[in-house]
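Participant: Could you work out the structure for the sequence below:
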Amino acid sequence: MKSSIFIAASGAILAAASPMLERRRLFVETEVVVQFVTVTVSGGSTIAANQAKVVPPATSIPIPVPTPAPVVVAPAAPLASSPPPPPPPPSPSPSPPPAPVAPVVVKPSLSPSPAPAASPQVAAAAAPANDYQAIALQNHNVHRSNHSAGDLTWGDSYAGFAQQLASKCVFKHDLEIGGGGYGQNLAMVARSNSPEEIGPNNAVGQAASNFWYNGEFNSFVEYGSPSPNQDTFKDWGHFSQVVWKGTQQVGCASQFCPAGTIVKTMGSWFTVCNYFPQGNVGGSFDKNVLRPLGRPTVTFQES
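Facilitator: Have a look, this model is predicted:
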């Protein structure tokens, strides 16, 4: 039996003093503290799939891999029989020589067919060398694709700023490290039973997929509005930053914080992700938070 707590907060850039009237940028910091006490029997848990209110995602199903069309080799046409020669001189029957021709012609056609199948695998294998980077990028980009947003790339400098903040073990936004100019999402997960074993990879995967995206997906409904109602921003501000079309880079860090730092009685993992260019810009939501395509919901499974 173990107890666990999850807290998330988002840093946002919104319109200036009058966000709904003119397109300017203003930082609005919101912090949401949500405490869950969960009793579990086995390690790890799965968050139920979200259903979109506008265009609900389809039930999670395995994506079928197209099977290459079978190569059909047509048998060589039978050779036309020639009329018997007019002169009577005896000679061996001409039918045996053509027989070996068929294998010589057909055999080469079989070898090149498997070659094209290998090329997609090489491209798909390209991924960041660092496992943490790969998990952070994958658990952002899989959701961005559902909103017609391009893949993010890893920003080393923004990851460095994130590490500086995470290492303080103070659950609070700081957008001044490195001069600012970027967006920021925060998350924290804690548990009483061996919290160190969660690890940074699980911490960032859960934060991006299960907390920031799936946890807030149903709360954002004003697709097409340039300036959604900011009274509900705390309910969807992480989600909108994750899928913000104009954002191109992300840099994250996950830090273990012992009991007595963020959580009084439990060790925790503090995750910070910085985004550039920043999202949540007032007057631009209609162009940057696009309607979901209805793809299957993806959750992160702790390993």
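
Participant: is it fair to say Leu189 lies in a strand?
Facilitator: Wrong residue type there; residue 189 is Val, not Leu. Yes: counting by DSSP: H, G, I helix; E, B strand; the rest coil, Val189 is located in a strand.

Participant: Offset the numbering so it begins at 458, please.
Facilitator: Taking 458 as the first residue, the last one we looked at is Val646.

Participant: Pretty sure it sits against Gln663.
Facilitator: Yes: using C-beta atoms under 8 Å, Val646 is in contact with Gln663, at 6.2 Å. Quick note: C-beta positions are derived from backbone N, CA and C, even for glycine.

Participant: Identify the residue nearest Val599 in space, chain neighbours excluded?
Facilitator: Distances taken as C-beta to C-beta, 6 or more residues apart in numbering put Val755 closest to Val599, at 5.1 Å, once the chain neighbours are dropped.

Participant: what about that neighbour, how many residues close to it?
Facilitator: Neighbouring residues of Val755 were enumerated by other C-beta atoms under 10 Å; the total is 18.

Participant: how far away is it from Asn731?
Facilitator: 23 Å (C-beta to C-beta, to the nearest Å).

Participant: just His630 next, same as before
Facilitator: His630 is 11 Å from Asn731, where distance means C-beta to C-beta.

Participant: joint contacts of those two?
Facilitator: Counting by C-beta atoms under 8 Å, 6 or more residues apart in numbering, the shared contacts of His630 and Asn731 are Gln641.

Participant: So the two - more neighbours on which side?
Facilitator: Taking other C-beta under 10 Å, His630 and Asn731 do not tie; Asn731 has more neighbours (28 against 18).

Participant: Now do the same contact list for that one.
Facilitator: Asn731 touches Gly612, Tyr615, Ala616, Phe618, Ala619, Tyr639, Gly640, Gln641, Val707, Gly708, Cys709, counting by C-beta under 8 Å, 6+ apart.

Participant: which stretch of helix or strand covers it?
Facilitator: Element membership for Asn731, per DSSP states H and E: strand 724-733.

Participant: Much appreciated, bye for now.
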